[in-house]
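Trainee: Pasting the sequence and the predicted coordinates here, then a few questions.
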Amino acid sequence: MAGTCVTTIKVLGATSLGLLAGNLTYQSVESIPLLINQLKAKVSINSNEILGKVSLVIINTRISNLVLGAISTGFLGLAFIASAPRDKHPYILYSALSVPIGIISSYYKTFKYEAKLLKKSKQVLPVIPNQDQSTEKDLAKKQDSQQELEKKRESDEDSQLGKSYIHVSDEDSSSNTSTPNSSVPNSPRQPASSEESKSLKDLEHELTIEEEVENALYKKEYINDLGHVKSGYNIGSSITGLGFLMVVVGLIGDTFFL
């Protein structure tokens, strides 16, 4: 009866260790690379989309690793203590020790990068508008610029019209003749100055370039931090995977060869 109970505890510990190794392997092979590819495919990143996914993956991975690590270490340690002296094989202890070693090795390399990623996920980045869609900020800037150009144009037209009236009145007073059927033609509406339009376009272009450069640098640093997290998970999955392999081989040997 005692042997069956110890074996059950070993199986539970091995199962928890396998889940831990599988979780770390999945994050390093599938989840993190997928996030990196999504970041590379996006023109701009913001905290509401991909950064929120990264934050969720980091938090869930931390919680699951700690829970599975505590369960597997506890069961394997209990199995080693409860085993008879002749059944206290080293593989149980080695497998139990692989859990804290793997987690510590993983987070020794990745903890500071995860903290940076979590901090960056709370920041709001400038979003680069698409070609077919402008942001409200850009639209407001364009509207303000157009209004300023309209006001300047109207003031120029008023000044030119006033000059024309003054010029006509001067001619009438000097000639002392009246033309009752004549009228002053309306001055044509002057098109917008090419220099002003060009300066406005240059300003908008410079703002867009600055936002693109800032976003590109931010995205590159973010991808680099994710790469460090991925390599740390690789280390943890290798160590815990080795411990899981040892406990599986030991259980097979205890069951079929002893």
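Mentor: It's in.

Trainee: just checking, what packs against the helix or strand encompassing Thr61?
Mentor: In this assignment (DSSP states H and E), Thr61 forms part of helix 50-82. Contacts defined by 3 or more C-beta pairs under 8 Å, 6 or more residues apart in numbering; DSSP states H and E place helix 50-82 against helix 2-26, helix 32-41, helix 90-120, helix 194-256. No exception for glycine: its C-beta is placed from N, CA and C like everyone else's.

Trainee: what is the orientation angle of the longest one with helix 90-120?
Mentor: It refers to helix 194-256. Helix 194-256 runs at 170 degrees relative to helix 90-120, counting by axes from the mean of the first three to the mean of the last three C-alpha atoms, to 10 degrees.

Trainee: before we move on, what about the first one?
Mentor: Angle of helix 2-26 versus helix 90-120, following the same axes, to 10 degrees, is 30 degrees.

Trainee: pLDDT of helix 2-26, averaged?
Mentor: For helix 2-26, mean pLDDT rounds to 89.

Trainee: Report the buried residues of that helix.
Mentor: Neighbour-count burial for helix 2-26, counted by 16 or more other C-beta atoms under 10 Å, picks out 6-7, 9-21, 23-25.

Trainee: if I look at the closest residue to Asn23 other than its chain neighbours, how far off is Thr255?
Mentor: Among residues not flanking Asn23 along the chain, Ser64 sits closest, at 5.5 Å (C-beta to C-beta, 6 or more residues apart in numbering). Remark: distance between Ser64 and Thr255 (C-beta to C-beta, to the nearest Å) = 29 Å.

Trainee: Return the set of buried residues in the helix holding Thr61.
Mentor: Buried residues in helix 50-82, counting neighbours by 16+ other C-beta under 10 Å, are found at 50-51, 54-55, 57-58, 61, 65, 68-69, 71-80.

Trainee: go on, stretch 87-98?
Mentor: Going by 16+ other C-beta under 10 Å, stretch 87-98 has these buried residues: 87, 89, 91-92, 94-96, 98.

Trainee: which one of those is nearest Ala41?
Mentor: Closest to Ala41 out of the buried residues of stretch 87-98 is Ser98 (36.7 Å), distances taken as C-beta to C-beta.

Trainee: Could you tell me how many residues sit around the residue lying closest to that closest one once chain neighbours are set aside?
Mentor: Excluding its sequence neighbours, the residue lying closest to Ser98 (C-beta to C-beta, 6+ apart) is Gly243, at 2.7 Å. Residues contacting Gly243 under the criterion other C-beta atoms under 10 Å number 26.
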